[in-house]
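Engineer: Sequence and computational prediction follow.
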Amino acid sequence: MLAVGVPLSTALGRGTVIPVLRPNEAILLLVVAGFVLHHLWTRQTFSYIQLDIGVSIFAVGCVVIPWLVLFLGRADMDFDTWRGVLGPLQFLVIYLCFAQLMLADGQLKWLLNLTLLVSIIVGVMAILELQDFPPGIKGLLTTYFPSDHPPSIYDTVYRPTSTLGTYGAVGAFAALNFILALTLVTRNDSARNHAWLT
């Protein structure tokens, strides 16, 4: 759900499909609820490594520092401000969910292939949006997947946002999936098709 649903629904607005929440936030809440219920049902303990602790400290620090700045500056904190401040905790939850996965080789291959397939869908949509081909596709995509940050009048270069809401997210998503594919293709024991990874 996270690997497919979040990248394909991030730009859908709050309250468009589900009241109050964005679809990607609802998906995350469902996955976390299932994760917690599974651990409560099976009574498994969480296993941690030093990387988990480092990522957790970094994410919590990314929340505490802006909160302190806003609190000490007596700034007004509306819902969007809180969402921005608490955003790193969302990434921490996603990280911890994936860090606790215990997958067999077949399941891991399935998950990696799904992730790469979604990256192709997002990338093709970004290219179609950038080229506006077929004519009108750019308007259609920006209607259903609006950008979180409208372009500045000083920025004359159009940057596609695809299904992710910001052009920076499209670049980051592409870079992460490129690194994933490059890592898989250079492994000596990889049985994955090199053409697919390319």
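Structural biologist: Received, thanks. Numbers count the residues shown, from 1 in each chain.
Engineer: what are the phi and psi values for Trp196?
Structural biologist: phi -60, psi -40 (degrees, to the nearest 10).
Engineer: Please report how far it lies from Ala126.
Structural biologist: In this view, Trp196 and Ala126 are 20 Å apart by C-beta to C-beta, to the nearest Å. Every C-beta, even on glycine, is put in place using the N, C-alpha and C of the backbone.
Engineer: between those two, which one's more packed in?
Structural biologist: When Trp196 and Ala126 are compared for neighbours, Ala126 comes out ahead with 22 against 13, by other C-beta atoms under 10 Å.
Engineer: and the more buried one, what is it in contact with?
Structural biologist: The contact partners of Ala126, taken as C-beta atoms under 8 Å, 6 or more residues apart in numbering, are Pro160, Thr161, Ser162, Val170.
Engineer: Turn the residues you listed into JSON lines, columns for secondary structure.
Structural biologist: Shown next, in JSON lines, are these (DSSP: H, G, I helix; E, B strand; the rest coil):
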{"residue": "Pro160", "secondary structure": "coil"}
{"residue": "Thr161", "secondary structure": "coil"}
{"residue": "Ser162", "secondary structure": "coil"}
{"residue": "Val170", "secondary structure": "helix"}
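Engineer: Most neighbours among these, which one?
Structural biologist: Neighbour max across the contacts of Ala126 (other C-beta under 10 Å) = Ser162, 27 neighbours.
Engineer: need the contact list for that residue.
Structural biologist: Taking C-beta under 8 Å, 6+ apart as the test, what Ser162 contacts is Ala11, Val122, Gly123, Met125, Ala126, Glu129, Leu141, Phe145, Val170.
Engineer: wait, doesn't the third one sit right on Ala174?
Structural biologist: Yes. With contact defined as C-beta atoms under 8 Å, Gly123 reaches Ala174; the gap is 6.1 Å.
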